[in-house]
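Peer 1: sequence first, predicted model second:
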Amino acid sequence: MTNGHHRAPAISALGLRKSYGEHTVLDGIDLTVPEGTIFSLLGPNGAGKTTTVQILSTLISCDGGEVRVGGYDLINQRREVRKTIGVTGQFSAVDELLTGRENLHLMGDLHHLPRSRTRRLAADLLERFDLVDAGDKLASTYSGGMVRRLDLAMTLVGDPRVIFLDEPTTGLDPRSRRVIWDIIRGLVRDYSVTVFLTTQYLEEADQLADRIAVLDHGRLVAEGTSAQLKRLVPGGHIRLEFADRAALAAASAALGTARVLNEEDDDVNADDLTLAVPSDGGVKSLRAVLDRLDYERIEVAGLSVHTPNLDDVFLTLTGNTTMDKEMAR
């Protein structure tokens, strides 16, 4: 913000704890989610992602910790928190025996909105979520992507400031998933809401989130932007391309830790004149490499920075090779 005023975060948690008997699900986690951002919580099966969402959205209580959502205390101001939030869970809240429009009208009734306002709001949301043609058809005839879009539209009826999306694209095909991604971006851009997202798709977090936290065995093991997390694991490098083998050899000698890429490397042909220099992908390391080449008067024909992807980060931090879908608890 540029107005100079401090704004409270949309979500803040300090020392959040939850146990079931002797099983600790959340072991004192700290979270801060700024307003108007997309925050993604990643974690393997059983890490506590859904439990975190259930606590923050007042569905279950925590055992300890200080939590505020939308500026309200989670324990003492639960009613105010519920008026502030919207929730789209792993399972759709759409009533398939009603039409899309009737589902939206039902949400208006649940929020005690005047009928005239509900009708206008339903029409606007059907248009925004590209459901006008299907608005008066039974939801049971909708595709999975259409049901998800209607589910998100229903969440907006209450004009929430914070929206919790618990694995919102599970089961959708790649095209429908990308449509939902565009809608989520639009929620933040056009409605100025804050989105708290859990997902089993690493690409989803990479594409959407301003900040990502990795949860493992009830503890946060890392947090930062996607780029920051990728720098936590080895394997990043600066890829340099040269016009001839003389330049390649000179650069290899000047940059002692570099290695020549060959046909065994991904996306490299046998006749490529390419060098890989270990790097964290940051500006400082890139500048150091370029300064060294400039000092040696070595011309570079092409340059690209390669960092590990979130799959590499996830494997390194949690020891899990896949993101299994988390159970309801």
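Peer 2: Looks like it arrived, so ask away.
Peer 1: quick one, grab the pLDDT at the closest residue to Ile85 other than its chain neighbours.
Peer 2: Excluding its sequence neighbours, the residue lying closest to Ile85 (CB to CB, 6 or more residues apart in numbering) is Val162, at 4.8 Å. Any C-beta I mention is one placed from the backbone N, CA and C, and that applies to glycine too. We have a pLDDT of 97 for Val162.
Peer 1: who is Val162 paired with across the strands?
Peer 2: Ile85, Thr194 (DSSP bridges).
Peer 1: domain parsing for this structure?
Peer 2: 11-94+142-230, 237-307 (automatic domain parsing).
Peer 1: select, out of the ones you listed, the one closest to Gly135.
Peer 2: domain 11-94+142-230 (9.2 Å; CB to CB).
Peer 1: circling back: how many neighbours does the residue nearest to Ile85 have?
Peer 2: 22 (other CB atoms under 10 Å).
Peer 1: which residues sit in contact with it?
Peer 2: Ala10, Ile11, Val69, Gly70, Thr84, Ile85, Gly86, Val193, Thr194, Val195, Phe196 (CB atoms under 8 Å, 6 or more residues apart in numbering).
Peer 1: please redo it, this time with the cut-off set to 7 Å
Peer 2: Residues near Val162 by CB atoms under 7 Å, 6 or more residues apart in numbering: Ala10, Ile11, Val69, Gly70, Thr84, Ile85, Val193, Thr194, Phe196.
Peer 1: and if you look at Val69?
Peer 2: Ile11, Leu56, Val81, Thr84, Ile85, Val162.
Peer 1: do you know how far the residue nearest to Ile85 is from Asp206?
Peer 2: 22 Å (CB to CB, to the nearest Å).
Peer 1: pLDDT below threshold where in the stretch 201-329 of the chain?
Peer 2: 234-235, 257-258, 261-271, 320-329 (pLDDT under 70).
Peer 1: quick one: the strands in it?
Peer 2: Listed in chain order, the strands of the stretch 201-329 of the chain (DSSP state E, counting those that start in this stretch) span 211-216, 219-224, 237-241, 259-260, 274-278, 302-306.
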